[in-house]
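J.: Take this sequence and fold it.
(chains A and B)
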Amino acid sequence: MADDLKIPLLEELEKGPWPSFVSDIKSVADRKPMAADLLRQLEKSYEDKRGYWKHGGLVGVMGYGGGVIGRYSALPEDFPGVSHFHTVRVNQPSGWFYTTDALREIVDIWDEHGSGLFNMHGSTGDMVLLGTRTEELEPTFRALTEKGWDLGGSGSDMRTPSCCVGPARCQNACYDTMDMTYQLTQNYQDELHRPMFNYKFKMKMSGCPNDCTAAIARSDMAVIGIWKDDIKVNQEEFAKYLDDGFNVQEFVVEKCPTRCITVEGKEINIDNSNCVKCMHCINRMPKALAVGDDKGFAINIGAKAPIVEGALFGSVIVPFMKIEDGDYEELYDFIDRMWEFWDEHGTARERIGEFIERVSLATFLEGIEMEPSPKMVKAPRDNPYIFYEEYFAEEDEGEGEGEE
Amino acid sequence: MATEAKRVTDIGPPHYEKFLHPLIKENYGKWEFHETLAPGVLAHTGPNGTIYSVRMSSPRLVSSNFLRMVCDLADKYADGYFRFTSRNNVEFLLANKDNIEPLKKEIGEKGFLVGGTNNAISNVVHTQGWVHCHSAATDASGLVKAVMDELAEYFTTEKLPAKLRVAVACCLNMCGAVHASDIAILGLHRTPPRIDHETLPNLCEIPTTVASCPNNAIRPTSVEGKTTVKVDEDKCMYCGNCFTVCPAMPMADPLNDGVSIWVGGKISNARTEPKFTKLAVPFIPNNPPRWPEVTSKVKEIVEVYAANAKPFERVGEWIERIGWEKFFDLTGIEFTKYHLDDFRHAGTTYRRSIHNRY
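T.: Residues are numbered from 1 along each chain as shown, chains lettered A, B, ... in the order given. Now for the predicted structure:
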């Protein structure tokens, strides 16, 4: 197979210590003409310095509006193997945990129905099954659902939620990211599979402010774990860090953003009322320090990449919420109000972050029936152009302020 | 039809619990602390024991052969349990500490690396590029491979001042969300879309196309009696948003497409607030298959950072301490008019103090 591939430029990418996607794709090229033609077309891209994919087309599986990305080669005569090269997004399990039995089932399905190539995983979180023909979409979907798998999102819908390992393998988890991701995904199957929004809506669940899923930059709704009470301290373990020669003064005390840590002798003291839960001290000394007991999460809304109005980080809309006894109603209620207001007043292809910037945070909060809080801003406004909505009329004169 | 009746939809993903190692289930929500045993090897301990994670590099774009190989390794050493990280590494989850070294050895024999933890460069988050995307201004997998060949020693060791996150996106859509990485490589177009007036009236909805432009550069017009659009080329900033809604406005331009390099972003809240990446190198032409000008510049930035930053200082934190003028001095990168923002909220990046370093 490799003999008739003729991909000298790509073969330059088989050298060097980092694993080579070229070698890997080549390894299936003899049994997968699609993979072989993918390499041949990519070689041409490397020669000509441009891509050769047509704009996506409307393809999918029955009853779903998302989950499949149509893709066609711009040069189907030259590379018939990739004349169709559609992507199937498969909803990953929470935290990207697998058993070998389960993953082999997926691999078998894609070896039978598709190119045998994958992205593990896509940026939103899905398993990305890369490349198949239109007529294979429905059989692929049937094979997947028979084994208990379903498609993820695409287009103007709720995109597949994803999360960090959370309580499955991290002592910092302030809420159950794994379960929340599963529950949200199941609760909003219709919103996931049938695009009806103004634009995409991504959700990421990170268990603590380290934010290992990059939620604050990459998701319209970033659910980030946080706690309200004191950092838990194990003084005995703290003393061991000192005894081991760890420079607590330079690497922890002086790095604290609010300078709320002091060390006296072999004891650490934290002014928890000034701690902003940045995680640095806990990250540095995981045996001595731990997140508190009164745990929950903050919700930051509106992160997105540049297109259209520029990149945004999510900003605080819910400073603190917690799930008790597995009851997600308060969260669902918040999401429903937010989606309803955005749906009613947003414009086509307007992400919710851009929407909030356009209508203003105050209008957004009113629209979703939430009260403003100083936790939502870096600082109050510094310009005096205030749109007052209340003022005294003539007849009120003399009644005086503050009587009510 | 009988076959139709069997069709199921909207079942969602399988419940995660069935994929969790028994040791993870027993310690779920009860983990006490973790330790790093070696680069790429973590030990998490809870009241019911310790689970060992061995982190392996992956090109993210992988074949069924690769995944079967991962499954075979997981069966042999990890009771059949493994996961992927948010940066596309593979993590084998081992109950038996004695399996760590044999697993690492076999991973090495198969041509993969173990690392990516703590003060290392973890795997590169990236996009599809010429492999699969219609709007790519560069390839992603090839760039990542070329860059990581240069930086592999920083994956397998933890010798950097802090963690360093590299990301690649092949156009401004940034499916790789590179806008908050320590070092970001971003493909970009530099010329306006070319309009195919023949096909546009049939392929595109005019109002949607007009509305797609963030700079109002697109206007309806008439060409030979057909309604189509025109682009005010002075206003176009080559974002490609119009191409996303209108296929008759292709962006690809081999002469002018290329790569930019951005620095200093971060996601985590540790110490300082999350930061956007800022422009370092405005443009480097595409030079496949190995983009040597890009890889050498990225390596230079990493090495200058490694030599100058203090412990636990991310790239952006280091630059804020020394000042941007010093960053450009130290890296030898030329500061140009392209470094001055001229889009929305541009003024927020202008220096409005006399806090200058000379």
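J.: Not counting its neighbours along the chain, what's nearest residue B:16?
T.: residue A:94 (3.8 Å; CB to CB, 6 or more residues apart in numbering or on different chains). All C-beta spots, glycine's among them, are computed from the backbone N, C-alpha and C.
J.: wait, the one you found sits on residue A:177?
T.: Yes. Taking CB atoms under 8 Å as the definition, residue A:94 is a contact partner of residue A:177 at 7.5 Å.
J.: In contact with residue 87, which residues are there?
T.: Since you didn't name a chain, this refers to chain A. Listed by CB atoms under 8 Å, 6 or more residues apart in numbering or on different chains, the contact partners of residue A:87 are A:68, A:69, A:71, A:128, A:129, A:130, A:131, B:132.
J.: you looked at the wrong chain, it should be chain B
T.: B:116, B:122, B:123, B:124, B:125, B:165.
J.: And the furthest pair within those residues?
T.: Spatial extent of the contacts of residue B:87 (CB to CB) is set by the pair B:116 and B:125 at 11.9 Å.
J.: Show me what counts as buried in the helix or strand encompassing residue A:365.
T.: Per DSSP states H and E, residue A:365 falls inside helix A:361-367. Residues A:361, A:364, A:365, A:367 are the ones in helix A:361-367 that count as buried (16 or more other CB atoms under 10 Å in any protein chain shown).
J.: Check whether that helix comes near chain B.
T.: No. Against chain B, helix A:361-367 shows no contacts by CB under 8 Å from any CB of the partner chain, the least distance being 15.1 Å.
J.: And the contacts of that helix?
T.: A:315, A:317, A:337, A:341, A:345, A:355, A:356, A:359, A:371, A:372, A:376.
J.: Using CSV, write down the CA coordinates of that helix.
T.: Taking C-alpha atoms only, helix A:361-367 is exported to CSV below (Å, rounded to 0.1, in the frame of the first residue of the first chain):
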residue,chain,number,x,y,z
LEU,A,361,-25.7,42.6,31.8
ALA,A,362,-28.4,44.5,33.6
THR,A,363,-31.0,43.8,31.0
PHE,A,364,-30.0,40.1,30.8
LEU,A,365,-30.3,39.7,34.6
GLU,A,366,-33.7,41.3,34.5
GLY,A,367,-34.7,39.1,31.7
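J.: Report the distance from that helix to the chain centre.
T.: 24 Å (CA atoms, centre = their mean, to the nearest Å).
J.: Let me see the contact set for the closest residue to residue A:48 other than its chain neighbours.
T.: Closest residue to residue A:48 in three dimensions, ignoring its sequence neighbours and counting by CB to CB, 6+ apart: residue B:254, at 5.8 Å. By CB under 8 Å, 6+ apart, the contact list for residue B:254 reads A:48, A:49, A:50, B:286.
J.: same thing but 7 Å
T.: For residue B:254, the contact set (CB atoms under 7 Å, 6 or more residues apart in numbering or on different chains) comprises A:48, A:49, A:50.
J.: Now flag whichever of these is closest to residue B:291.
T.: Nearest to residue B:291 among the contacts of residue B:254 is residue A:49, at 11.0 Å by CB to CB.
J.: Tell me the spacing between the closest one and residue B:262.
T.: 21 Å (CB to CB, to the nearest Å).
J.: try residue A:282
T.: 29 Å.
J.: where in the stretch 1-150 of chain A is pLDDT low?
T.: Residues of the stretch 1-150 of chain A that meet the criterion pLDDT under 70 lie in A:1-3.
J.: can you give me the helices for it?
T.: Using DSSP state H, counting those that start in this stretch, the helices of the stretch 1-150 of chain A run over residues A:8-11, A:21-29, A:33-48, A:100-113, A:134-146.
J.: could you dump those to a markdown table with mean neighbour count and distance to residue B:32?
T.: Formatted as a markdown table, those follow (neighbours: other CB atoms under 10 Å in any protein chain shown; distance: least, CB to CB, whole Å):
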| stretch | mean neighbour count | distance to residue B:32 |
| --- | --- | --- |
| helix A:8-11 | 18 | 48 |
| helix A:21-29 | 23 | 38 |
| helix A:33-48 | 22 | 46 |
| helix A:100-113 | 19 | 28 |
| helix A:134-146 | 18 | 38 |
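J.: Out of these, which gets nearest to residue A:350?
T.: Of all those, helix A:134-146 comes closest under CB to CB, at 30.0 Å.
J.: Please work out the angle formed by the directions of the closest one and helix A:100-113.
T.: On the basis of axes from the mean of the first three to the mean of the last three CA atoms, to 10 degrees, helix A:134-146 is oriented at 160 degrees to helix A:100-113.
J.: so how far is helix A:134-146 off the chain centroid?
T.: For helix A:134-146, the distance to the chain centre is 26 Å (CA atoms, centre = their mean).
J.: do the same with stretch A:268-285
T.: So, by CA atoms, centre = their mean, the centroid of stretch A:268-285 is 26 Å from its chain's centroid.
J.: low pLDDT regions in chain B?
T.: B:1-5.
J.: before we move on, the earlier item: near chain A, list only the ones from the contacts of residue B:87.
T.: By CB under 7 Å from any CB of the partner chain, the members of the contacts of residue B:87 lying near chain A are residue B:125.
J.: of all the contacts of residue B:87, which comes closest to chain A?
T.: Distances from chain A to these, taken as CB to the nearest CB, are shortest for residue B:125 (6.9 Å).
J.: Would you map the strands across chain B?
T.: B:33-38, B:41-46, B:49-56, B:61-63, B:81-84, B:90-94, B:166-169, B:183-188, B:218-223, B:226-231, B:258-263, B:278-285 (DSSP state E).
J.: hey, where'd the helices end up in the stretch 201-350 of chain B?
T.: B:206-211, B:241-245, B:292-308, B:315-322, B:324-331.
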